[in-house]
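[1] structure, please.
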Amino acid sequence: MSLPTQLFRTLSPGGAQGRLSVFIFHRVLPVADPVFPDLPDAARFAQILRWLKAWFNVLPLDKAVPLLTSGRLPERAAAITFDDGYADNVNVALPLLREAGLSATFFIATGFLDGGQMWNDTVIEAIRGWPSTLLDGTALNLGRHALGSDLDRRRAIDACISQIKYRPVDDRLAQAAILAESGDRSGARPHDDVHGRSHSARRRDADRSAYGLAPDTA
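    Numbers count the residues shown, from 1 in each chain. Predicted coordinates for the structure are as follows:
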């Protein structure tokens, strides 16, 4: 028995003292993303699955929970879950799960079954493709952010999302759309359709007169 297996056997006993480890993913990318190096790509996810299969007893979540509540979990019990239902869950992650013989539970954002993306992904793709090295978001109370490197863009994304997510829903949607459209008008790359087939219709009834945003050419 390998050292990791022995360790997890001690930390995650079975039976009445059983513990269920849940490994939560959002995305598995075809190739590594320099702006989000913490997101697994296909090769890295395949390696993670090999570790999970070797070190844990991976169960479907709907079977693991009743076993947990009844005190009948096997030792080193684990479940794999995905949040939000990104298209790459099916296109990239699912074939790798099948190849490894492992199951996963997918929690789907039902508002995007016909494609499109959530507001935070709109912000991510807008800033990823912003055509200058400075984002001036002061008109949206988002501050000014250097975009000279992938790390700068990641920091700007995190800062803008942390500001927008606490605002009312209508404001979140409107401000994300304005950010995207401002980048579009200035030559930003097209946004990814991260949830599926086609973009959901953008909000057209937001009061854009209250906002203004343009990329800084410096």
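[2] excluding chain neighbours, give the residue nearest to the spatially most central residue of the chain in space.
    In the chain, the residue lying closest to the centroid (CA atoms, centre = their mean) is His26, at 4.1 Å. Distances taken as CB to CB, 6 or more residues apart in numbering place Asp83 nearest to His26, at 5.2 Å, with adjacent residues excluded. Yep, even glycine has a C-beta here, placed from its N, CA and C like the rest.
[3] distance of the one you found from Asn89?
    9 Å (CB to CB, to the nearest Å).
[4] packing partners of whichever strand in the chain runs longest?
    Across the chain, the longest stretch assigned as strand under DSSP state E is strand 77-84. Contacting strand 77-84 under the criterion 3 or more CB pairs under 8 Å, 6 or more residues apart in numbering; DSSP states H and E are the following elements: strand 21-25, strand 57-58, helix 61-69, strand 105-108.
[5] and with 10 Å instead?
    With contacts taken as 3 or more CB pairs under 10 Å, 6 or more residues apart in numbering; DSSP states H and E, strand 77-84 sits against strand 21-25, helix 42-55, strand 57-58, helix 61-69, helix 94-100, strand 105-108.
[6] buried sites along the top helix by length along the chain?
    Identified as the longest helix of the chain according to DSSP state H is helix 169-185. Of the residues in helix 169-185, 171-183 count as buried by neighbour count, 16 or more other CB atoms under 10 Å.
[7] packing partners of that helix?
    On a contact count with 3+ CB pairs under 10 Å, 6+ apart, helix 169-185 meets helix 119-128, strand 134-136, helix 150-164.
[8] pick the most deeply packed of those.
    Comparing those by mean neighbour count (mean count of other CB atoms under 10 Å), helix 119-128 comes out on top with a mean of 23.
[9] now that helix, how far from the centre of its chain.
    Distance, stretch centre to chain centre, for helix 119-128: 12 Å (CA atoms, centre = their mean, to the nearest Å).
[10] given the longest strand of the chain, what are its sheet partners and their directions?
    Its sheet considered, strand 77-84 pairs with strand 21-25 (parallel), strand 57-58 (parallel), strand 105-108 (parallel) by DSSP bridges.
[11] report the buried residues of the last one.
    Spelled out, it's strand 105-108. Of the residues in strand 105-108, those buried (16+ other CB under 10 Å) are Phe106.
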